[in-house]
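In: The sequence and its predicted three-dimensional model are supplied below.
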Amino acid sequence: MGRTAEQQARGPRVKAICERYELPYNTGPFLRQLGGVQRTILRLALPGGTPRPKPGPFRGERDGDGAAAHAAMPTSARTSSSATAA
């Protein structure tokens, strides 16, 4: 099962967003990823299974004066679409 042209075009943008916010971005065949998830579930289900350490909390981007970057964003851009829909 191959990726569509739309998915291929969107991939680099999603990867850049993940890197920007220090989130994991999985690549590779779907079945290999599924196998990895199943292996992790099995490892955690067995006695003595311990989770791997998680990355630290998101620190956000800061501008020159130390304010969070989203503080300068217009309120309309920070609200969710469900909150603005009437």
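Out: Received, thanks. Numbers count the residues shown, from 1 in each chain.

In: Could you report the distance from residue 34 to residue 40?
Out: For residue 34, the distance to residue 40 equals 11 Å [C-beta to C-beta, to the nearest Å]. Yep, even glycine has a C-beta here, placed from its N, CA and C like the rest.

In: cool, residue 46 as well?
Out: From residue 46 over to residue 40 the distance is 11 Å, taken as C-beta to C-beta.

In: now do residue 9
Out: 30 Å.

In: before we move on, back to that, please say which of residue 46 and residue 40 ends up with more neighbours.
Out: Applying other C-beta atoms under 10 Å to residue 46 and residue 40 shows that residue 40 carries more neighbours, namely 13 against 8.

In: So what does the more buried one look like in phi/psi?
Out: Phi and psi for residue 40, reported as degrees, to the nearest 10, are phi -60, psi -40.

In: What strand or helix carries residue 9?
Out: Using DSSP states H and E, residue 9 sits in helix 5-20.

In: Show me what that helix is packed up against.
Out: Here helix 5-20 touches no other helix or strand, going by 3 or more C-beta pairs under 8 Å, 6 or more residues apart in numbering; DSSP states H and E.

In: List the buried residues for that helix?
Out: Under the neighbour-count criterion of 16 or more other C-beta atoms under 10 Å, helix 5-20 has nothing buried.

In: Quick check, pLDDT for the nearest residue to residue 50 once chain neighbours are set aside.
Out: In this structure, residue 50 finds its nearest non-sequential neighbour in residue 44, 7.9 Å apart by C-beta to C-beta, 6 or more residues apart in numbering. Looking at residue 44, its pLDDT stands at 89.

In: Buried residues in the helix or strand hosting residue 44, which are they?
Out: Element membership of residue 44 [criterion: DSSP H and E] is helix 30-45. For helix 30-45, the neighbour count (16+ other C-beta under 10 Å) marks no residue as buried.

In: Just the C-alpha atoms of that helix, please, in PDB.
Out: What follows is helix 30-45, C-alpha atoms only, in PDB (Å, rounded to 0.1, in the frame of the first residue of the first chain):
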ATOM      1  CA  PHE A  30       3.600   0.700   8.500                       C
ATOM      2  CA  LEU A  31       3.800  -3.000   9.300                       C
ATOM      3  CA  ARG A  32       7.300  -2.500  10.800                       C
ATOM      4  CA  GLN A  33       5.900   0.300  13.000                       C
ATOM      5  CA  LEU A  34       2.900  -1.900  14.000                       C
ATOM      6  CA  GLY A  35       5.300  -4.700  15.000                       C
ATOM      7  CA  GLY A  36       7.300  -2.300  17.100                       C
ATOM      8  CA  VAL A  37       4.100  -1.100  18.900                       C
ATOM      9  CA  GLN A  38       3.100  -4.800  19.500                       C
ATOM     10  CA  ARG A  39       6.500  -5.600  20.800                       C
ATOM     11  CA  THR A  40       6.400  -2.700  23.300                       C
ATOM     12  CA  ILE A  41       2.900  -3.700  24.500                       C
ATOM     13  CA  LEU A  42       4.100  -7.200  25.100                       C
ATOM     14  CA  ARG A  43       7.200  -6.000  26.900                       C
ATOM     15  CA  LEU A  44       5.200  -3.800  29.200                       C
ATOM     16  CA  ALA A  45       2.600  -6.500  29.800                       C
END
